[in-house]
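Asks: Structure for this input, please:
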Amino acid sequence: MQVTQIQMMTACLMLSLAIPTMAHAESTDPVVIFLSASIIFLMFLTVYVVYKIRRSLSNDLDKPVD
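Replies: From the prediction side, this is the model:
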């Protein structure tokens, strides 16, 4: 459940940063849009990878020692 809260907070943070910037822009260059989308994608990918690593480590630590 904690991971979903982190993902929700990350999404809210990205939206709160993106909306005011786009509201005051007169015209947005396609390169800026592509760069912004790439950065947002990398942020989501980072959260996903951290989640998978934490899950893998917790599963590995829960296994009994042979």
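
Asks: For the top helix by length along the chain, could you pull out the residues that count as buried?
Replies: Longest helix in the chain, counting residues (DSSP state H): helix 30-62. For helix 30-62, burial by neighbour count (16 or more other CB atoms under 10 Å) applies to 36, 40. For the C-beta atoms, the positions are set from N, CA and C on the backbone; glycine is no exception.

Asks: Check which helices and strands that helix sits against.
Replies: helix 2-23 (3 or more CB pairs under 8 Å, 6 or more residues apart in numbering; DSSP states H and E).

Asks: Contacts only, for residue 31.
Replies: Taking CB atoms under 8 Å, 6 or more residues apart in numbering, we find residue 31 in contact with no residue.

Asks: Relative to residue 43, how far out is it?
Replies: To residue 43, residue 31 is 19 Å away according to CB to CB, to the nearest Å.

Asks: ok, now residue 9?
Replies: Between residue 9 and residue 43 the computed distance is 12 Å (CB to CB).

Asks: Report the secondary structure state of residue 65.
Replies: On the three-state scheme (DSSP: H, G, I helix; E, B strand; the rest coil), residue 65 is labelled coil.

Asks: Which pLDDT value goes with it?
Replies: Looking at residue 65, its pLDDT reads 71.

Asks: swap in residue 49?
Replies: Turning to residue 49, the model gives it a pLDDT of 91.

Asks: now swap in residue 27 and tell me
Replies: For residue 27, pLDDT reads 68.

Asks: ditto for residue 58
Replies: Per the predicted model, pLDDT is 86 at residue 58.

Asks: lowest-pLDDT helix or strand in the protein?
Replies: Between all helices and strands in the chain, the lowest mean by mean pLDDT, DSSP states H and E belongs to helix 2-23, at a mean of 69.

Asks: Leaving out the residues flanking it, which one is nearest to the residue sitting nearest the centre point of the chain?
Replies: Nearest residue to the geometric centre of the chain (CA atoms, centre = their mean): residue 44, 2.7 Å. Of all residues not flanking residue 44 in the chain, residue 10 sits nearest, at 7.6 Å (CB to CB, 6 or more residues apart in numbering).
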